[in-house]
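Novice: show me the folded form of this:
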Amino acid sequence: MKNIIYKIVIVVFISGILYSCSENLDQLPFDEFATENAFVTADDFENGIRGVYKALVSIDRDGVVSTGYYGSSDAGSLLSAGDVASDNTTISQSGRRTKNILHNFRYSPSSGVSLANFYADAYTLIFRANQVLLYAENFTGDSKANIMAEAKALRAMAHFDLVRTFGKIPTQSGDANGSLGIAYVIELDPNIEPERETVSEVYQKIVSDLVEATAAINVSNPPGRMGKDAVNTLLSRVYLYMGQWQNSIDAANAVTKTVADRDDVVGVWEDNSLAGVIFYIPNSEEGLNNSIGVAWSQGGLNSIIPEYVASFNLVNTYLADDIRKEAYIVSGSNGGLQFNAIKKLLGKNGAFDGKVDYKIFRAAEAHLNKAEALFKLGNESGARTALDAIRSKRYLTPPAGETGSALLNAIQLERRLEFAFEYQRFYDLKRWALPIQRSNAGDLADGSGTASEVLSLPAGDYKFQLPISQGTLDQNPNTAQNPGY
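Specialist: Prediction:
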């Protein structure tokens, strides 16, 4: 932890990137120590909170720019990891085999692709959030409460993504709450070497930050920033992971954004519509223009080079009248080979450059969270109603009327279909204590070609918790490795 915060931040400080007196002192240098002089005006705090958000998509370390914690780097990020490590994708033999160690569950503390970059990026975001929170205590401007709420929400989100990746999920097993979580960092001290807290302790702190945030955050904030709906959506998800069903329902009920209509679904992923989108990051702002679609493929539809394709099983799970199949999957070819290419992130307005906005939270999640939680409480009628709020806007003739285990299966299926290629599948299987089971179909559109090398990960396998990198263990002797590695 020391070097994750210290070297990422202090080395940049030493290297002289701090603004000089002759430069724009009201602009906060986002990867360095600030002083009370850097946080004075409302504009200073606006710049500071934007710097926290920017860690999601771009981080400059000593002149080397990474694509942040939602980035599309080959070393791995949350943008694609949740589907790469699941049954939603098949690795393409035509691509560069990026993230293949993650896909084949061969990660280790020294493998280099165990989301170590995400680990560092998340703690960079946390450091920035803590910096804003520290100096905001003495700020008296009208925007204070909202900015502090945003910082707490972002800090909670980063810790949540860390703990669900590197620790167990409370609903995953009976011993999860007492097992190793991560360090919940609220201090602005780069020299700390904290121990990992238990999963239960981390989740309680996540909830505390989010509850405080939802009470104070603006109903809406500028594009690229969280508002009340976003925090409530995240809080509903956290409670769902904790098995606190009624709390998950209550948070979901507080979300006011409506689900995208069927006619808008395709446009959402081509950046022609924001229907149902609660929190997104414009990819054109602040000079981003990140080619995030490289996570899935490169090239046009007649010259496509897929890194991963939609698995043959997933493609055939979508019913013919499900609009999501058109929105999420597209036929592509190269050299006579046909692929079920992943359309999400492909490009906007018919382009194939992978430059689309980051969609982080959508209104559909609140309804699916509520459906699952209501089912767990024995309210099947309410669960069907919440589920049908999605299905009625996805199918021409939606499925209906399930009861008992068939209803639970339908809820889980709709979650898979709705959020395919949207960073959730691995974590859903993990929290449901289900195995990852891929078919032996190949990477070509008709199911032929070459299948993924590893087809299964048993439920409860230790590799559902990714390893802490050896570099982190070396830098912080108080950090314990996950069992099995």
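
Novice: ok, the closest residue to Asn232 other than its chain neighbours - how many residues close by?
Specialist: Excluding its sequence neighbours, the residue lying closest to Asn232 (C-beta to C-beta, 6 or more residues apart in numbering) is Ala254, at 4.4 Å. No exception for glycine: its C-beta is placed from N, CA and C like everyone else's. Neighbourhood size, Ala254 [other C-beta atoms under 10 Å]: 16.

Novice: who's in contact with Ala254?
Specialist: Ala254 is in contact with Thr214, Lys228, Asp229, Asn232, counting by C-beta atoms under 8 Å, 6 or more residues apart in numbering.

Novice: low pLDDT regions in the protein?
Specialist: The model of the chain has pLDDT under 70 over residues 1-36, 62, 72-76, 112-114, 285-287.

Novice: scan it for its longest helix.
Specialist: Scanning the chain for the longest helix, with DSSP state H as the assignment, gives helix 144-166.

Novice: tally of neighbours for the residue nearest to Lys348 when sequence neighbours are not counted?
Specialist: Take Lys348 and drop its neighbours on the chain: the residue closest to it by C-beta to C-beta, 6+ apart is Asp271, 3.9 Å away. Residue neighbour count, defined by other C-beta under 10 Å, stands at 19 for Asp271.

Novice: Val356 is in contact with Asp271, correct?
Specialist: Yes. Counting by C-beta atoms under 8 Å, Asp271 touches Val356, with 5.4 Å between them.

Novice: shared neighbours, the two?
Specialist: Counting by C-beta under 8 Å, 6+ apart, the common neighbours of Asp271 and Val356 are Lys348.

Novice: what's the following helix or strand after the longest helix of the chain?
Specialist: Per DSSP states H and E, the first helix or strand lying C-terminal to helix 144-166 is helix 199-216.

Novice: now the angle between helix 144-166 and whatever helix or strand comes next after that following helix, please.
Specialist: Moving toward the C-terminus from helix 199-216, the next helix or strand (DSSP H and E) is helix 228-242. On the basis of axes from the mean of the first three to the mean of the last three C-alpha atoms, to 10 degrees, helix 228-242 is oriented at 30 degrees to helix 144-166.

Novice: from now on call the first residue 529
Specialist: Let's use 529 as the start, then, which means that last one is helix 756-770.

Novice: mind saving the C-alpha coords of helix 756-770 as CSV?
Specialist: Only the C-alpha atoms of helix 756-770 are listed here, as CSV (Å, rounded to 0.1, in the frame of the first residue of the first chain):
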residue,chain,number,x,y,z
LYS,A,756,-28.5,11.0,-6.1
ASP,A,757,-29.8,8.3,-8.5
ALA,A,758,-26.3,7.0,-9.1
VAL,A,759,-25.5,6.8,-5.3
ASN,A,760,-28.8,5.0,-4.6
THR,A,761,-28.1,2.6,-7.5
LEU,A,762,-24.7,1.7,-6.1
LEU,A,763,-26.1,1.5,-2.5
SER,A,764,-28.8,-0.9,-3.7
ARG,A,765,-26.1,-3.1,-5.3
VAL,A,766,-24.0,-3.0,-2.2
TYR,A,767,-26.9,-4.1,0.0
LEU,A,768,-27.7,-6.8,-2.5
TYR,A,769,-24.2,-8.2,-2.2
MET,A,770,-24.6,-8.1,1.6
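
Novice: check which helices and strands it sits against.
Specialist: Counting contacts by 3 or more C-beta pairs under 8 Å, 6 or more residues apart in numbering; DSSP states H and E, helix 756-770 packs against helix 672-694, helix 727-744, helix 773-781, strand 805-809, strand 886-890, helix 891-904.

Novice: so which of those gets nearest Thr845?
Specialist: Distance to Thr845, taken as C-beta to C-beta, is lowest for helix 891-904 among the helices and strands packed on helix 756-770, at 16.2 Å.

Novice: thinking again about what came up before, can you name every helix or strand that the longest helix of the chain contacts?
Specialist: Helix 672-694 sits against helix 570-582, helix 644-664, helix 727-744, helix 756-770, helix 953-959, with contacts defined as 3+ C-beta pairs under 8 Å, 6+ apart.

Novice: residues contacting the shortest one, please?
Specialist: By C-beta under 8 Å, 6+ apart, the residues outside helix 953-959 that reach it are 609-611, 613-616, 692, 697-700, 768-769, 940, 943-944, 947, 963-964, 992.

Novice: check which residues of it are buried.
Specialist: If you call a residue buried by 16 or more other C-beta atoms under 10 Å, then helix 953-959 has these buried ones: Arg953, Phe954, Tyr955, Asp956, Leu957, Lys958, Arg959.

Novice: alpha carbons of that helix, as CSV, please.
Specialist: Only the C-alpha atoms of helix 953-959 are listed here, as CSV (Å, rounded to 0.1, in the frame of the first residue of the first chain):
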residue,chain,number,x,y,z
ARG,A,953,-21.2,-11.2,-14.9
PHE,A,954,-18.1,-12.6,-13.0
TYR,A,955,-19.3,-10.8,-9.8
ASP,A,956,-22.9,-12.0,-10.1
LEU,A,957,-21.8,-15.6,-10.5
LYS,A,958,-19.4,-15.2,-7.6
ARG,A,959,-22.0,-13.7,-5.2
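
Novice: from the chain's centre, how far out does that helix sit?
Specialist: The chain centroid and the centroid of helix 953-959 are separated by 12 Å, computed with C-alpha atoms, centre = their mean, to the nearest Å.

Novice: repeat for the third one
Specialist: Helix 727-744 has its average C-alpha position 18 Å from the chain's average C-alpha position, going by C-alpha atoms, centre = their mean.

Novice: next one: the first one
Specialist: Taking the mean C-alpha point of helix 570-582 and that of its whole chain, the gap between them comes to 21 Å (C-alpha atoms, centre = their mean).

Novice: excluding its backbone neighbours, what's nearest Ser748?
Specialist: Nearest non-adjacent residue to Ser748, counting by C-beta to C-beta, 6+ apart: Gly755, 4.3 Å away.
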